[in-house]
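Student: sharing a model prediction with you, sequence too.
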Amino acid sequence: MAGFEMNVDCCEAQEIHEDLLRRVRETMPEETELYDLAELFKVFGDSTRIRILFVLFEAEVCVCDLAQALGMTQSAISHQLRILKQNRLVKSRREGKSIFYSLADEHVRTIIAQGQEHIEE
C-alpha cells in the first residue's frame, strides 16, 4: 500500500436514498454477529499468527516444528496457537507425546488465500 493515496469524495448535496437504506437495514446482521466477526479479524491482525497459519497452510506440524520453522520459542508459539484454537482457526490432535496442529477447516484456507490474493492485486 506504500505510495497509495486515499481520496474520499463526499456528496455535494444531502439526499437520503430510503430504498437503499431499507435494504441495508433488512440485511444488516445483528450487532453481536458483527462484533464476533470483528473479533475474528483481529486474530488475523498479528503477523506471528499469520506466519503460523501459513505454515499450517502447507502441513500439519507440532509445536517443535513450528518453533523451528519460525525461529521462535515453543512458549511463544504455544501462546499464539492457544489464541488460534480459541477462535476455531486451528485444531490439534495428539500422537504419542506430540501434539500436531492443522488448519481447522477449508474456511481458514479460503480466508488466507483470498487475503493474499487481495494484497497482490
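Tutor: Alright, I've got the coordinates.

Student: C-terminal to the helix or strand containing Phe100, what's the next element?
Tutor: Assessed by DSSP states H and E, Phe100 sits inside strand 98-103. Along the chain past strand 98-103, the next helix or strand (assigned with DSSP H and E) turns out to be helix 106-119.

Student: tilt between the strand holding Phe100 and helix 106-119?
Tutor: 60 degrees (axes from the mean of the first three to the mean of the last three Cα atoms, to 10 degrees).

Student: note down every partner strand of strand 98-103 and its orientation.
Tutor: If you go by DSSP bridges, strand 98-103 pairs up with strand 61-62 (antiparallel), strand 90-95 (antiparallel).

Student: residue boundaries of the helices in the protein?
Tutor: 18-27, 31-43, 47-58, 63-70, 74-86, 106-119 (DSSP state H).

Student: so Val90 touches Ala104, yeah?
Tutor: Yes. With contacts counted by Cβ atoms under 8 Å, Val90 reaches Ala104, the gap being 5.6 Å. Every residue, glycine included, has its C-beta placed from N, CA and C.

Student: now the helices of the chain in JSON lines, with distance to Lys97 and mean neighbour count?
Tutor: Listed next are these as JSON lines, based on distance: least, Cβ to Cβ, whole Å; neighbours: other Cβ atoms under 10 Å:
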{"stretch": "helix 18-27", "distance to Lys97": "50", "mean neighbour count": "9"}
{"stretch": "helix 31-43", "distance to Lys97": "28", "mean neighbour count": "11"}
{"stretch": "helix 47-58", "distance to Lys97": "20", "mean neighbour count": "16"}
{"stretch": "helix 63-70", "distance to Lys97": "11", "mean neighbour count": "16"}
{"stretch": "helix 74-86", "distance to Lys97": "13", "mean neighbour count": "16"}
{"stretch": "helix 106-119", "distance to Lys97": "26", "mean neighbour count": "12"}
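
Student: need those in TSV (columns: mean pLDDT and distance to Phe100).
Tutor: Formatted as TSV, these follow (pLDDT from 0 to 100; distance: least, Cβ to Cβ, whole Å):
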stretch	mean pLDDT	distance to Phe100
helix 18-27	91	40
helix 31-43	93	21
helix 47-58	95	10
helix 63-70	95	9
helix 74-86	96	11
helix 106-119	93	16
